[in-house]
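Asker: got a predicted structure plus its sequence, pasted below:
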Amino acid sequence: IFFRDPKGQNDVTRGLLLRDGTFAAAAEVAAFKTHLRNFVVLSMCAVTIVASAMSEPAALWARPIPASQTHTPATATSRLAPAFLQGRVGVGAEPIPLQTFAGSEFMEAARTNTDGFDAQDQIEGNPNMGSLWGVPSLLVVPMALAWLYKRWAAMRQPQGAQHFFSPDAHCTVDVSALESPAVSMATVTGERTQQYVLSMDDLVSLCKRRGFVYQASDLYGGFAGFWDYGPLGVELKNQIKAKWWKKMVQLRDDVVGIDSAIIGSPKVWEASGHLAGFSDPMVDCKESNQRFRADQVLYSAVLDAEGKQCGYVSCQQDEVSNEKALAKKAKKLVKEAGGKGPHQPLNFKELIDCPVELIDQIPSPATGNPGTLTPPRDFNLMFSTNVGPVVADSSTAFLRPETAQGIFTNFKNVMDTSRVSLPFGIAQIGKAFRNEITPRNFIFRSREFEQMEIEYFIKEDDWERCHQEWLDTMHKFLMETCGLRPELVGTEVHAQDKLAHYARACTDLTFHFPFGEQELLGVAARGCYDLTQHANASGRKLEVNDQQTKTKFIPHVIEPSLGVDRLFLAVLCSAYDEDEIGGEKRTVLRFSPEIAPVKVLVLPLVKNNEDIMGRAKDLFERLRMRWNCTMDITGAIGRRYRRGDEAGVPFCVTVDFDSLEDGTVTVRDRDSTEQKRVSEDELIAELTKAIDGY
């Protein structure tokens with residue numbers, strides 16, 4: 001297939017469209033062809049060696065170098081080289097030219113240049129050396145086959161659990177162009193992306209080094225489950241929230257916003273069911289004193305080849321992809337139980353579904369020893385506090401675990417004051433708090449987080465249509481505004497038996513994080529459960545009038561819910577890239593210009609020229625009135641470009657000596673590194689179009 005790059009960086013890139021629908025780009029195909037060619041050469045050598053060994057092992061080795069000859073590196077090499085590299089393989093006084101096996105100019109040169117040996121000399125055999133060479137030669141073919149298969153598998157499959165999936169190209173395939181499964185020819189259009197590997201350690205290190213995210217209370221060794229956002233981090237976070245608010249509230253006629261209190265009446269949480277049911281199943285390891293969520297601990301019975309049970313293995317949810325380590329544990333259990341290997345495939349289940357009588361047989365993920373886990377029990381996730389000067393049961397209140405209930409309790413107020421009618425939505429951005437049992441994976445799961453939620457109130461009959469519309473709207477926001485890479489975003493539809501008792505449907509948009517594919521946002525059809533509960537508990541009517549049917553009813557709700565911190569992490573993962581410019585490797589964050597924390601970096605070419613510095617400062621002051629900009633005056637211009645790339649700045653504006661003469665500046669694009677001259681009068685218009693899209 002031919003892959004056309006819209007940016008014009010590569011006119012045509014060739015690749016293969018594999019039968020399973022995946023795309024192998026030209027670089028991967030070329031690499032595999034190289035491995036295949038090496039494999040063929042190795043195989044030919046191995047066949048030659050094996051054939052000679054079967055005839056006469058002693059003939060495989062050259063005669064010893066006479067002591068009178070100088071042992072230069074070249075002669076030392078040929079002393080240990082097999083005879084086929086010297087251009088002859090044979091027995092006795094009748095040398096067989098290597099061309100008999102495989103002719104090539106390379107082998108001909110080797111035959112005529114034997115580092116001090118006459119090409120017509122007979123071989124003086126050495127039986128000991130021959131046996132040493134003949135036996136390992138038999139392993140060349142299977143080793144080459146294993147190596148070749150490993151390279152092919154690496155090309156075909158995504159990275160493992162510690163590195164997130166990053167294919168070499170994302171594209172749109174015209175399926176109608178595929179005439180048959182056997183003939184895979186198609187036209188592919190899309191944008192070329194770099195292939196790279198990102199580990200969570202790399203990301204955490206970058207966040208701290210560049211001021212995106214810090215560990216909370218870092219001065220005192222940190223505080224688990226809490227994070228602070230640095231100068232660049234708070235700018236990126238605010239950009240994400242501002243763009244969401246603009247797209248979902250300000251540019252829509254059917255959505256209004258509120259900001260409800262973090263601490264509210266305990267009756268709110270009693271009516272919503274949070275006091276009684278907002279909990280996670282928890283298990284403790286009595287040996288290590290560690291605590292785990294029971295639905296995030298997986299276990300599997302280990303069966304030998306004959307079906308005999310040899311024990312159990314367990315792991316945490318984000319470790320299940322480490323098949324090698326789990327297979328090693330299973331193999332050890334089979335061996336200790338005297339079973340017959342190999343073991344059967346492992347079938348993992350959640351610990352919460354494990355019968356109580358089997359808990360003692362499940363090993364702890366922390367220690368690997370059975371008999372140390374407690375049975376699952378509920379653990380309430382809400383943080384409690386006391387309101388007022390007296391600490392008593394009557395003063396107990398809770399930090400909100402979600403922002404949705406503040407919207408439901410203000411439903412009637414909004415209806416009365418905003419003159420809205422169905423369908424309409426109420427949006428809110430705010431902090432929420434959950435006492436997570438095991439906060440992990442950086443800012444993905446923490447105890448203090450921020451949510452962006454909309455409760456969209458509709459008639460019951462419209463829920464399926466509205467649910468799909470909001471799913472499409474949120475997907476568009478992720479792709480176009482946040483700039484997430486399409487191949488990293490997936491969809492997961494919740495099964496009916498996994499839904500909350502009041503929900504009609506729920507669909508998640510997932511993201512391939514470095515630790516695996518996880519939920520990024522959810523769009524749920526919540527029914528009328530919440531408004532009904534609050535109406536019953538408060539005694540207030542939360543109904544609306546249908547002007548057409550002249551009836552009253554409680555509206556149903558579609559809830560698009562998105563975590564700011566998770567989206568922040570997804571944006572970082574999607575933007576992270578490594579490439580090479582002019583032979584120098586660089587780390588670059590390819591943020592969408594619309595949400596980049598710093599939009600423009602102003603660079604005076606030199607700092608010891610007052611005219612250039614004055615011109616740069618004036619330009620900087622004008623640009624910062626529109627966007628968040630910064631100015632860098634230290635270091636070489638190339639180094640300053642790299643610092644801007646690592647911070648994700650989409651545009652650099654350089655003021656140089658030509659600027660003093662003709663009033664133009666150099667504008668550098670972060671992604672393409674292309675530079676062009678723009679007059680200062682046109683600069684703001686050019687940047688506005690590139691950043692804001694108009």
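Answerer: Cool, the structure landed. Numbering: from 1, shown residues only.
Asker: burial of residue 362, as a residue count?
Answerer: Using other C-beta atoms under 10 Å, residue 362 has 22 neighbouring residues. Every C-beta, even on glycine, is put in place using the N, C-alpha and C of the backbone.
Asker: actually, residue 388.
Answerer: In terms of burial, residue 388 registers 9 neighbours under the definition other C-beta under 10 Å.
Asker: might one say that it is in contact with residue 397?
Answerer: No. With contact defined as C-beta atoms under 8 Å, residue 388 and residue 397 do not form a contacting pair (9.3 Å).
Asker: which parts of the stretch 201-350 of the chain are strands?
Answerer: When assigned using DSSP state E, counting those that start in this stretch, the strands of the stretch 201-350 of the chain occupy the ranges 213-215, 227-229, 255-257, 263-264, 279-284, 291-293, 297-303, 309-316, 349-350.
Asker: buried residues in whichever helix or strand comes after the last one?
Answerer: Helices and strands here follow DSSP states H and E; after strand 349-350, the next one along the chain is strand 377-380. With burial defined by 16 or more other C-beta atoms under 10 Å, the residues of strand 377-380 counted as buried are 379-380.
Asker: measure how far strand 377-380 is from the centre of its chain, please.
Answerer: Using C-alpha atoms, centre = their mean, to the nearest Å, the mean C-alpha position of strand 377-380 is found 31 Å from that of the whole chain.
Asker: packing partners of it?
Answerer: With contacts defined as 3 or more C-beta pairs under 8 Å, 6 or more residues apart in numbering; DSSP states H and E, the packing partners of strand 377-380 are strand 279-284.
Asker: in its sheet, what does the strand it packs on sit against?
Answerer: Based on DSSP bridges, the strands next to strand 279-284 in the sheet, each with its direction, are strand 291-293 (antiparallel), strand 377-380 (antiparallel).
Asker: quickly compare the strands of the stretch 201-350 of the chain and say which is most buried.
Answerer: Ranked by average neighbour count under the criterion mean count of other C-beta atoms under 10 Å, those are headed by strand 297-303 at a mean of 21.
Asker: I'd like to check the angle between it and strand 279-284, please.
Answerer: For strand 297-303 against strand 279-284, the angle between stretch directions is 60 degrees (axes from the mean of the first three to the mean of the last three C-alpha atoms, to 10 degrees).
Asker: who touches strand 297-303?
Answerer: Taking contacts as C-beta atoms under 8 Å, 6 or more residues apart in numbering, the residues outside strand 297-303 that touch it are 283, 309-317, 320, 330, 333-334, 343-344, 346-351, 354, 362, 365.
Asker: where in the stretch 201-350 of the chain is pLDDT low?
Answerer: Under the criterion pLDDT under 70, the flagged ranges of the stretch 201-350 of the chain are 277-279, 321.
Asker: helices of that one, residue ranges please.
Answerer: 231-245, 266-272, 274-277, 323-336 (DSSP state H, counting those that start in this stretch).
Asker: dump the last one to PDB, restricted to CA.
Answerer: The C-alpha trace of helix 323-336 is given here as PDB (Å, rounded to 0.1, in the frame of the first residue of the first chain):
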ATOM      1  CA  GLU A 323       2.800 -13.600  31.300                       C
ATOM      2  CA  LYS A 324       6.400 -14.600  31.700                       C
ATOM      3  CA  ALA A 325       6.500 -14.100  35.500                       C
ATOM      4  CA  LEU A 326       3.100 -15.700  36.000                       C
ATOM      5  CA  ALA A 327       4.100 -18.700  33.900                       C
ATOM      6  CA  LYS A 328       7.300 -19.100  35.900                       C
ATOM      7  CA  LYS A 329       5.200 -19.200  39.200                       C
ATOM      8  CA  ALA A 330       2.800 -21.800  37.600                       C
ATOM      9  CA  LYS A 331       5.700 -24.000  36.500                       C
ATOM     10  CA  LYS A 332       7.200 -23.900  40.000                       C
ATOM     11  CA  LEU A 333       3.800 -25.000  41.500                       C
ATOM     12  CA  VAL A 334       3.500 -27.900  39.000                       C
ATOM     13  CA  LYS A 335       7.000 -29.000  39.800                       C
ATOM     14  CA  GLU A 336       6.500 -28.800  43.600                       C
END
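Asker: list the helices and strands the host helix or strand of residue 525 packs on?
Answerer: Taking DSSP H and E as the definition, residue 525 sits inside strand 516-527. Other helices and strands packing on strand 516-527, by 3+ C-beta pairs under 8 Å, 6+ apart, are helix 463-476, strand 489-493, strand 505-513, strand 556-563, helix 564-575.
Asker: which stretch among those comes nearest residue 592?
Answerer: For the helices and strands packed on strand 516-527, proximity to residue 592 was assessed by C-beta to C-beta; helix 564-575 is nearest, at 8.1 Å.
Asker: export only the CA atoms of the next helix-or-strand element following the closest one, formatted as PDB.
Answerer: Toward the C-terminal end, the helix or strand that comes next after helix 564-575 (DSSP H and E) is strand 576-581. Listed next in PDB are the C-alpha coordinates belonging to strand 576-581 (Å, rounded to 0.1, in the frame of the first residue of the first chain):
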ATOM      1  CA  TYR A 576       5.200  12.600  24.300                       C
ATOM      2  CA  ASP A 577       7.500  11.900  21.400                       C
ATOM      3  CA  GLU A 578      11.200  11.400  20.700                       C
ATOM      4  CA  ASP A 579      12.800  12.100  17.300                       C
ATOM      5  CA  GLU A 580      16.000  13.100  15.700                       C
ATOM      6  CA  ILE A 581      16.700  16.600  14.300                       C
END
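Asker: parallel or antiparallel, list what pairs with strand 576-581.
Answerer: The strands that strand 576-581 pairs with in its sheet are strand 584-589 (antiparallel) (by DSSP bridges).
Asker: for the record, mean pLDDT for the strand it pairs with?
Answerer: Rounded to a whole number, the mean pLDDT of strand 584-589 is 87.
Asker: now do that strand against helix 231-245, angle only.
Answerer: With the same axes, to 10 degrees as the criterion, the two stretches strand 584-589 and helix 231-245 enclose an angle of 50 degrees.
Asker: low-confidence ranges in the chain?
Answerer: Where the chain drops to pLDDT under 70, the residues are 1-35, 49-141, 144, 147-197, 277-279, 321.
Asker: most centrally placed residue in it?
Answerer: For the chain, the residue nearest the mean C-alpha position is residue 513 (3.1 Å; C-alpha atoms, centre = their mean).
Asker: so what touches stretch 629-637?
Answerer: 598-605, 607, 613, 616-617, 620, 623, 640, 643-644, 649, 654.
Asker: out of those residues, which end up buried?
Answerer: Applying 16+ other C-beta under 10 Å to those, the neighbour count classes 598-605, 613, 616, 620, 623, 640, 643-644, 649, 654 as buried.
Asker: ok, the residue lying closest to residue 198 once chain neighbours are set aside - how many residues close by?
Answerer: The shortest distance from residue 198 to any non-neighbouring residue, by C-beta to C-beta, 6 or more residues apart in numbering, is to residue 576 (5.2 Å). With neighbours defined by other C-beta under 10 Å, the count for residue 576 comes to 20.
Asker: what sits against residue 533?
Answerer: When the contact criterion is C-beta under 8 Å, 6+ apart, the partners of residue 533 are 271-273.
Asker: now with 6 Å, please.
Answerer: Residues counted as contacts of residue 533 (C-beta atoms under 6 Å, 6 or more residues apart in numbering) are residue 271.
Asker: list the buried ones in the host helix or strand of it?
Answerer: Secondary structure here is read from DSSP H and E; on that basis residue 533 sits in helix 529-538. Within helix 529-538, the residues that count as buried by 16+ other C-beta under 10 Å are 529-531, 533-535.
Asker: same question, stretch 215-222
Answerer: With burial defined by 16+ other C-beta under 10 Å, the residues of stretch 215-222 counted as buried are 215-216.
Asker: could you find the closest non-adjacent residue to residue 299?
Answerer: Among residues not flanking residue 299 along the chain, residue 314 sits closest, at 4.3 Å (C-beta to C-beta, 6+ apart).
Asker: go on, residue 475?
Answerer: Ranked by C-beta to C-beta, 6+ apart and with sequence neighbours excluded, the top spatial neighbour of residue 475 is residue 509, at 6.2 Å.
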